[in-house]
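Undergrad: Any chance you could fold what I've pasted below:
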Amino acid sequence: MIKEANKSKIKPESDFHKLLMKTMQRAKTYACIAKILGVTRKLVNNWILKHSLTPKKADKYSLLLEKHLKKPYVSGHNPCKQQRMWQSMRCLNVFKATTIAAIANTTPNHARLYLSGLVKAGYISLAGKESYTHIWKLVLNTGPKAPKISKLRDAAYDPNLKKEVWRKEANTT
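TA: Okay, the predicted model is just below:
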């Protein structure tokens, strides 16, 4: 009789929890979900760990989660600005620095610096100009991993090829 009483307390997984778990697969952290919903990380943690705990505003939160899941999504977790820019360049093939910056969620100046390194390394070339804006074309697509440009922009390493692909020649005067 006690076992039957305990079984009745267990609720099947709600639509809210299904959405929450689907969002968790994309967002990866409780903090990201908390930011989407405008709640604390601890509350999100409780909802995920205790499936029987459903928020009072489940309908409102479900709408926010659905809205988040409908947004365009670049697959994989790309914390590195260069990786996000590289992935965008591979998708677009022809682009402006400002477009890459907007898609990769970085500053136009950071995008220009990375693009200048890629030009020197031979990955992109100037495809044309529109007013005062350069239009770039990806000419060397070696794979999904972004080429690493040194901070001094004097060398480039390609993790797809696993070798250094360019180094600025030292002045021998």
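
Undergrad: Please identify the buried residues of the helix or strand that contains residue 60?
TA: Assigned by DSSP states H and E, residue 60 falls within helix 58-70. Of all the residues in helix 58-70, those buried under the rule 16 or more other Cβ atoms under 10 Å are 58, 61, 62, 64, 65, 68. Where you see a C-beta, it was placed from the backbone N, CA and C, and this is true even at glycine.

Undergrad: Repeat that for stretch 16-27.
TA: Buried, per 16+ other Cβ under 10 Å, within stretch 16-27: 16, 17, 19, 20, 23, 24, 27.

Undergrad: Which of the buried residues of helix 58-70 sits closest to residue 120?
TA: When the buried residues of helix 58-70 are compared for distance to residue 120 (Cβ to Cβ), residue 68 comes out closest, at 38.6 Å.

Undergrad: Residue 106 - that's part of a helix, no?
TA: No: using DSSP: H, G, I helix; E, B strand; the rest coil, the assignment for residue 106 is coil, not a helix.

Undergrad: Could I get the pLDDT score of it?
TA: For residue 106, the pLDDT comes out at 88.

Undergrad: returning to what we had before: now the buried residues of stretch 16-27 in a markdown table, with distance to residue 97 and secondary structure?
TA: Formatted as a markdown table, those follow (distance: Cβ to Cβ, whole Å; DSSP: H, G, I helix; E, B strand; the rest coil):
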| residue | distance to residue 97 | secondary structure |
| --- | --- | --- |
| 16 | 41 | helix |
| 17 | 42 | helix |
| 19 | 37 | helix |
| 20 | 38 | helix |
| 23 | 32 | helix |
| 24 | 34 | helix |
| 27 | 28 | helix |
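
Undergrad: list the buried ones in stretch 164-173?
TA: So for stretch 164-173, counting by 16+ other Cβ under 10 Å, buried means 165, 166.

Undergrad: 39 is where my numbering starts, stick with that
TA: Happy to do that; since the first residue is 39 now, the last one works out to stretch 202-211.

Undergrad: would you list every one of the helices in this structure?
TA: For the chain, the helices defined by DSSP state H occupy 40-47, 53-65, 68-75, 79-87, 96-108, 119-130, 135-142, 146-159.

Undergrad: domain assignment for this protein?
TA: 40-108, 119-205 (automatic domain parsing).

Undergrad: Highest mean neighbour count out of these?
TA: Stretch with highest mean neighbour count among the domains of the chain: domain 119-205 (a mean of 16; mean count of other Cβ atoms under 10 Å).

Undergrad: Out of the buried residues of stretch 54-65, which is nearest to residue 128?
TA: Taking Cβ to Cβ as the measure, residue 65 is the one of the buried residues of stretch 54-65 closest to residue 128, at 23.4 Å.
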